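Asks: Structure for this input, please:
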Amino acid sequence: MKKILVHVRDEDYDALVNTLEGLYYVTDHVGDVNEFILFAPDEDVNDLVEKIRDALDLRYNENMIEVSRPEFVVSTYLQRAEKKAEEKEENAPVEKLLNSVKPYTELDLEKVSLTSIAGLVALFGLFLNNSVIIIGAMLLSPIIGPIYSFSVNIALGKPGDALRSVGVLLALLGAVFLLSAIATFVINPFIPLPITEEITGRIVTNPIYIIMAVLLGFAAVLAYTLETPEVIAGVAIAAALLPPVVVSGIVLVLQPVSLLSSAVLVVDEIVGLIAGALLAVLVLKIGPRESRDQIAAGKYVFRSAMILAVLIGLLVAVTLFVGPGGPLV
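Replies: Numbers count the residues shown, from 1 in each chain. Predicted structure coming up:
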């Protein structure tokens, strides 16, 4: 159940009343604006907000829509409304999606710190050949955020923010790669570091990794959009992507001959996860409200899908080339 508070100037009052015809709401006059308060089931909020937007001229500061979640509401009318909405499919409002991905279009110390710590913990888990430690490291990593942000921003026709999200992702992974290489270089002279099974398993690449990454990207973004806690949805993506990046830093120091194969695996995972995330937002029908914006967003989605398809094709070829049985093995 959501509470919708609408501030509207006198000139738009009648238009909003007509829009809300048949719905129960409370009105009040506050200062120079009229205040409408209404409640709606979660499943109806997106459509209702869109109708209200159409009735208001939001270029005026007096017109404003606020959506919040009350702790509880006692009303037989709302109980009936919720019962009618039970079979409807709930879609997250566009504004909520944009607000949720905005932090991942900018790089900050917190994201770098968490990802770096997760990378170091994964490094120790790899050298100890301990999968529990490796998976535990994933709980710290915010890697799902930039991937989710890219897919949502592309679907909403915001390519600039989408590219910034990719930049944040690459910066985080670059920090993990450098930190892993430096840590390995510093520790190895004092404590000889072994190439364990957990490491070798992430050196040999295979086209199946791309398929796995697509599925993980799809499932994680689907869960994230449906308000599954980020820590749960993000573990799958972090577990797929972070250890291979750490392994690339390790082999750069200890086994440079394996760097190419390790790097290809990392690129496989990145492209596959992004492709899966983009597929998820398409299945969820995430897009702009306005028809004009929908057309522009569709073009960006199509171009992104084509680029990803080409990259996946190239990566499959390269993976077969450097993978088991390939000419470089």
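
Asks: C-alpha only now, for contacts and for neighbours.
Replies: OK.

Asks: Remind me which helix or strand the residue lying closest to residue 177 once chain neighbours are set aside belongs to.
Replies: Distances taken as C-alpha to C-alpha, 6 or more residues apart in numbering place residue 249 nearest to residue 177, at 4.9 Å, with adjacent residues excluded. Here residue 249 sits within helix 230-254, counting by DSSP states H and E.

Asks: immediately after that helix, which helix or strand?
Replies: Counting by DSSP H and E, what follows helix 230-254 is helix 259-283.

Asks: what pLDDT, on average, does that following helix get?
Replies: When pLDDT is averaged over helix 259-283, the result is 93.

Asks: How far away from the center of its chain is it?
Replies: Distance, stretch centre to chain centre, for helix 259-283: 13 Å (C-alpha atoms, centre = their mean, to the nearest Å).

Asks: packing partners for the helix or strand following it?
Replies: Next in sequence after helix 259-283, counting helices and strands by DSSP H and E, comes helix 291-322. Helix 291-322 is packed against helix 144-155, helix 259-283, with contacts defined by 3 or more C-alpha pairs under 8 Å, 6 or more residues apart in numbering; DSSP states H and E.

Asks: can you tell me the average pLDDT over helix 291-322?
Replies: Helix 291-322 shows a mean pLDDT of 90 in the predicted model.

Asks: For that helix, buried residues please.
Replies: 294, 296-298, 300-301, 304-305, 308, 311-312, 315-316, 318-322 (16 or more other C-alpha atoms under 10 Å).

Asks: The residue nearest to residue 177 contacts residue 175, doesn't it?
Replies: No - using C-alpha atoms under 8 Å, residue 249 and residue 175 do not qualify as a contacting pair, with a distance of 10.2 Å.

Asks: So for these two, which residue has more residues nearby?
Replies: More crowded of residue 249 and residue 175, by other C-alpha atoms under 10 Å: residue 249, with 28 against 19.

Asks: got a list of what the more buried one touches?
Replies: 176-182, 184 (C-alpha atoms under 8 Å, 6 or more residues apart in numbering).

Asks: Any chance of those in CSV with neighbour count and distance to residue 164 as columns?
Replies: Putting the contacts of residue 249 into CSV (neighbours: other C-alpha atoms under 10 Å; distance: C-alpha to C-alpha, whole Å) gives the following:
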residue, neighbour count, distance to residue 164
176, 28, 19
177, 23, 20
178, 18, 21
179, 20, 22
180, 27, 24
181, 21, 26
182, 15, 27
184, 23, 30
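
Asks: These in helices, which ones?
Replies: Among those, the residues falling in helices (DSSP state H) are 176-182, 184.

Asks: Tell me, domain by domain, which residues of this protein belong where.
Replies: Using automatic domain parsing, the domain ranges for the chain come out as 2-85, 94-322.

Asks: and these, which one is worst for confidence?
Replies: Looking at the domains of the chain, the bottom one is domain 2-85 with a mean of 81.

Asks: Fine by me, thanks again.
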